[in-house]
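Trainee: Got a predicted structure plus its sequence, pasted below:
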Amino acid sequence: QKEVEQNSGPLSVPEGAIASLNCTYSDRVSQSFFWYRQYSGKSPELIMSIYSNGDKEDGRFTAQLNKASQYVSLLIRDSQPSDSATYLCASGRGGAAGNKLTFGGGTRVLVKP
Amino acid sequence: KAGVTQTPRYLIKTRGQQVTLSCSPISGHRSVSWYQQTPGQGLQFLFEYFSETQRNKGNFPGRFSGRQFSNSRSEMNVSTLELGDSALYLCASSVGTDTTGNTIYFGEGSWLTVV
């Protein structure tokens, strides 16, 4: 079992709709969670970070964290063709683990006009 | 503000050779981490350096090594290259060395092809 699991997709979403991405993690010590967007041939770009249970909103993006269920999600509202990319979920233990991030395999999102 | 700069961006090496990749972090950032990204294994942590000291190491063989200089610039070296080392090598920098409350920025990466 991978430490961070994501559905590889592709997740096909009509333009203007909500894209819902899910991620589960197995390391209960994980304290911080991140969503990165990666376009093909490019490097990952941070979209959201979340550390506490509940929701965190930033523009069209909302991250949700449920530590009891070891579950993180990302909602993309009003999806645009430019949102077509691979979305990577990552976790970090913090503390002595420093900046080590453990990544899921990524979910490929396709937004169709 | 300049981002994380990696050089070279693309390189081709032959099996058995060694390679050195360079990373200049964002100004003021003292932590540099390295990751390997392949289609099969995804993004995997190699190691992190903070204030010239290796802070953490991932599960990679000893052929993979790194160092950090006093100006926070970092290099990673892969010796005795194997075909499986073909990958995108990403450098990430941040101010501190704790993922909690600390934003990690990635460079554009170095594409290594081993033939």
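Mentor: Thanks, I have the structure now.
Trainee: how close does B:V115 sit to B:R15?
Mentor: 7 Å (Cβ to Cβ, to the nearest Å). (Glycine included, C-beta is placed from N, CA and C.)
Trainee: what sits in contact with each of these two?
Mentor: B:L83 (Cβ atoms under 8 Å, 6 or more residues apart in numbering or on different chains).
Trainee: For the residue nearest the centre of chain B, name its beta-bridge partners.
Mentor: Taking Cα atoms, centre = their mean as the criterion, B:W34 is the residue nearest the geometric centre of chain B, at 2.9 Å. Counting by DSSP bridges, B:W34 is bridged to B:F47, B:C91.
Trainee: Now do the contacts for it.
Mentor: B:C23, B:F45, B:L46, B:F47, B:E48, B:G66, B:S74, B:M76, B:Y89, B:L90, B:C91, B:A92.
Trainee: In contact with the closest residue to chain A within chain B, which residues?
Mentor: The minimum distance from chain B to chain A, using Cβ to the nearest Cβ, falls at B:T99 (2.8 Å). B:T99 makes contact with A:Q31, A:S32, A:F34, A:G92, A:R93, A:G94, A:A97, A:G98, A:N99, A:K100, A:L101, according to Cβ under 8 Å, 6+ apart.
Trainee: Now do the strands in chain B.
Mentor: B:5-7, B:10-13, B:19-24, B:31-38, B:42-50, B:53-57, B:64-68, B:74-78, B:87-94, B:105-106, B:110-114 (DSSP state E).
Trainee: where do the strands sit along chain A?
Mentor: Taking DSSP E as the criterion, chain A carries its strands at A:4-6, A:11-14, A:19-25, A:32-38, A:45-50, A:54-58, A:61-66, A:71-76, A:85-92, A:101-103, A:107-112.
Trainee: and B:W111, which of those strands is closest to it?
Mentor: strand A:32-38 (14.1 Å; Cβ to Cβ).
Trainee: Okay, buried residues for that closest one please.
Mentor: A:S32, A:F33, A:F34, A:W35, A:Y36, A:R37, A:Q38 (16 or more other Cβ atoms under 10 Å in any protein chain shown).
Trainee: Stretch A:60-71 too?
Mentor: Going by 16+ other Cβ under 10 Å, stretch A:60-71 has these buried residues: A:F61, A:T62, A:A63, A:Q64, A:L65, A:Q70.
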